[in-house]
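1. Structure of the sequence below:
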Amino acid sequence: MHAPTMLTLNRHADGHVVELVLDRPSAMNAINTELAEEITAVTADLAADPTVRAVVVASSHEKAFCVGADLKERNGFTDAQMMDHRLVSKQAYRGVLDLPMPAIAAVDGFALGGGMEIALSCDIIVAGEGATVGLPEVSVGVIPGGGGTQLVTRRVGWSRAASMIFTARKMTAAEGHELGVVDEVVPPGTARDRALALATLIAGHSPVGVRNAKKAMRLGMGTDLASGLEIEDGCWRATAFSGDRKEGVAAFAEKRRPEWPGR
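-> Below you'll find the predicted structure:
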């Protein structure tokens, strides 16, 4: 018997924007093995789809984006099962992080622990005013293991990341925005709409250009400036001789909207 699906995919903006909706409401989208496996499979499919220009990660639960790991499931694990689950969960977080197109998290309600790490794996985090965000893992004897220690530190710097992680504190969306772990705060219940609007705006631009800009930013982030500029130059070349560049210049000259070939 197959496990029930815990993800819903919705296509918007002529199919170029895909909404990945966490849909395990009975557990406030807590990440169990099945959900992690679904995230891995779905993100792999999205990454390989050249028609997808932006992804929104959202929730079907109005009070929770994702409350993190399913601790009830983990409570019964042997050490061997814990290690097996670790591999599955790592693949899920990396699946979101490695999407070649921009990903936007739409956070309303709780985004805690692994749920916050799913949001951090996206490029932009939009949160409703009523959202609660945090990485409280040290309060239950573990550490953020879905990229949290690395992604928060890269976003906000060492001392701010240390304050967030070591204290395990839970923050409002406004506090998260002040710290730098939330990019935009919107009225309660509207994060999903705002994220879709941003994704639609992004999808209107050159998919080759946007993907290569993300690639240059991601690869260059961990290098020195000279190496980063070389990475940027390679991504520029890959874009400058593309069909998108030719169409973009032609559309500008002809004063019309471009019809991106996406190659």
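2. The protein: helices as residue ranges?
-> 33-47, 71-74, 79-97, 114-120, 148-156, 158-167, 173-179, 191-203, 207-220, 225-240, 243-254 (DSSP state H).
3. Out of the ones you listed, flag the one nearest Ala13.
-> Closest to Ala13 of the helices of the chain, according to CB to CB: helix 191-203, at 4.5 Å. All C-beta atoms are positioned from the backbone trio N, CA, C, and that covers glycine.
4. Please identify the deepest-packed of the helices of the chain.
-> helix 114-120 (a mean of 29; mean count of other CB atoms under 10 Å).
5. just how off-centre is it within its chain?
-> Centroid displacement of helix 114-120 relative to its chain, using CA atoms, centre = their mean, to the nearest Å, is 8 Å.
6. if we can go back for a sec, quick one: closest of the helices of the chain to Val21.
-> Of these, the one closest to Val21 (CB to CB) turns out to be helix 191-203, at 8.8 Å.
7. and this structure, what are its domains?
-> Taking automatic domain parsing as the domain assignment, the ranges for the chain are 7-203, 207-254.
8. Lowest average pLDDT across the helices of the chain?
-> Note on those: helix 71-74 shows the lowest mean pLDDT, a mean of 82.
9. Chain neighbours aside, what residue packs nearest to Pro261?
-> Of all residues not flanking Pro261 in the chain, Gly243 sits nearest, at 4.0 Å (CB to CB, 6 or more residues apart in numbering).
10. thinking again about what came up before, can you list the domains of the chain in TSV and add distance to Pro261?
-> Output for these, formatted as TSV (distance: least, CB to CB, whole Å):
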stretch	distance to Pro261
domain 7-203	10
domain 207-254	4
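11. rewinding a little: contacting residues for the residue nearest to Pro261?
-> Contacts for Gly243 (CB atoms under 8 Å, 6 or more residues apart in numbering) come out as Val208, Pro261, Gly262, Arg263.
12. got a list of what the last one touches?
-> Spelled out, that is Arg263. Pro50, Val208, Ser242, Gly243, Asp244.
13. how about the helices of the chain, which one is nearest Ala54?
-> Of the helices of the chain, nearest to Ala54 by CB to CB is helix 191-203, at 3.8 Å.
14. Pull the distance from the closest one to the chain's centre.
-> 13 Å.
15. now the angle from it to helix 207-220?
-> Here helix 191-203 runs at an angle of 110 degrees relative to helix 207-220 (axes from the mean of the first three to the mean of the last three CA atoms, to 10 degrees).
16. So which elements touch helix 191-203?
-> strand 7-12, strand 17-22, strand 54-59, strand 103-107, strand 124-128 (3 or more CB pairs under 8 Å, 6 or more residues apart in numbering; DSSP states H and E).
17. Let me know which of the ones you listed is the nearest to Ile231.
-> strand 103-107 (20.3 Å).
18. What strands line up against the closest one, and which way round?
-> Using DSSP bridges, strand 103-107 pairs in its sheet with strand 54-59 (parallel), strand 124-128 (parallel).
19. about what we covered before: export the contacts of Gly243 to TSV and tack on distance to Ala80?
-> Listed next are these as TSV, based on distance: CB to CB, whole Å:
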residue	distance to Ala80
Val208	45
Pro261	49
Gly262	45
Arg263	46
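20. Please name whichever of the residues you listed scores lowest on pLDDT.
-> Lowest pLDDT of the contacts of Gly243: Arg263, 83.
21. that older thread, deepest-packed of the helices and strands packed on helix 191-203, please.
-> strand 103-107 (a mean of 29).
22. how about that one as PDB, C-alpha atoms only?
-> Provided in PDB are the C-alpha atoms of strand 103-107 (Å, rounded to 0.1, in the frame of the first residue of the first chain):
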ATOM      1  CA  ALA A 103      12.800  29.400  -5.200                       C
ATOM      2  CA  ILE A 104      10.600  31.500  -2.800                       C
ATOM      3  CA  ALA A 105       9.300  30.300   0.500                       C
ATOM      4  CA  ALA A 106       5.900  31.500   1.500                       C
ATOM      5  CA  VAL A 107       5.800  31.300   5.300                       C
END
